[in-house]
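Engineer: got a sequence here, can you build the structure:
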Amino acid sequence: AGIATYRLPNTDLNAQSLTITLDGSAVELRFVDASRAVCDGVEGPYDAVAVRDDVIFVNLTGDTAEALTVVFSTSTHRAVVVRSVIGPEDASPRVTQEFWAGVTSSDATGEVPGPSRDLIGKRNVYRYSPSHLYEHVYISSERYAWQCLEGVQRGHGDMDMSTVWRFQDGLYLFCFREFRIAVASVWLHDLGYALRTTGVFLGLTGDGRAEHSRAGGHIYPLGSVTYPDAQPV
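Structural biologist: So this is what the prediction gives:
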């Protein structure tokens, strides 16, 4: 509770539509109002945040067992799509994620979003509310370490599976999948001028119900290291 206190405000995409062309397929989005959208013919809830003036973070939760997160630029017409799905009990990690790069126009410009090693060695603190403070250390292209410095999880920490994609200069999609509990998350870190992050969680509650949660806050870089000799995977 409260991890969305410092999240950027929602953006109303009412009456807008979007076609994201992927490799051999497409995602059709039509925003009915400020909270409902039709995705490939299925209507459900969504929330959207303008991370920058021309970059929008959208999360669609039409099926309680999965979520579709879309990041797109209105200037470069580049997009990234992430599908998070709660799997069977014997899956490890329980929540899995798939990633695609796409375009919203044939006139797309700039770099193509894709996997990135740019965060390896960086160490940041994330403030989500007056009582939510976490530290991240990006270990490799597949792992990150976290610990809670302030909040109900104070003293807790772990090293979990993670994926980082560079969306454009200073903007990084950061996703993690936990082992200890059934949860995964999608974040868009603005490590440029804003130093803000916007994210969502998909996981299971203690009684086994699927739950979608929002989060966001401020980023405080602590520094970085460059690994000598052999580089991490």
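
Engineer: tell me who's in contact with the residue sitting furthest away from the middle of the chain.
Structural biologist: Here the chain reaches farthest from its C-alpha mean at Asp229, the gap being 31.5 Å by CA atoms, centre = their mean. Under the criterion of CB atoms under 8 Å, 6 or more residues apart in numbering, the contact list for Asp229 is empty. From N, CA and C alone the C-beta is placed, and that goes for glycine too.

Engineer: where does it fall, helix, sheet strand or coil?
Structural biologist: Of the three states, Asp229 takes coil under DSSP: H, G, I helix; E, B strand; the rest coil.

Engineer: in the chain, where's the longest strand?
Structural biologist: With secondary structure taken from DSSP state E, the chain has its longest strand at strand 210-224.

Engineer: now it - C-alpha only, PDB.
Structural biologist: Below are the C-alpha coordinates for strand 210-224, written out as PDB (Å, rounded to 0.1, in the frame of the first residue of the first chain):
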ATOM      1  CA  ALA A 210      -4.500 -12.200  -9.300                       C
ATOM      2  CA  GLU A 211      -3.800  -8.600  -8.600                       C
ATOM      3  CA  HIS A 212      -2.700  -5.600 -10.700                       C
ATOM      4  CA  SER A 213      -1.000  -2.700  -8.900                       C
ATOM      5  CA  ARG A 214       0.500   0.600  -9.900                       C
ATOM      6  CA  ALA A 215       3.700   2.100  -8.700                       C
ATOM      7  CA  GLY A 216       6.100   5.000  -9.400                       C
ATOM      8  CA  GLY A 217       8.500   7.400  -7.800                       C
ATOM      9  CA  HIS A 218      11.800   9.300  -7.900                       C
ATOM     10  CA  ILE A 219      15.300   7.900  -8.800                       C
ATOM     11  CA  TYR A 220      18.400   8.800  -6.900                       C
ATOM     12  CA  PRO A 221      21.600   7.400  -8.700                       C
ATOM     13  CA  LEU A 222      24.300   6.300  -6.200                       C
ATOM     14  CA  GLY A 223      27.000   5.500  -8.700                       C
ATOM     15  CA  SER A 224      28.200   2.700 -10.900                       C
END
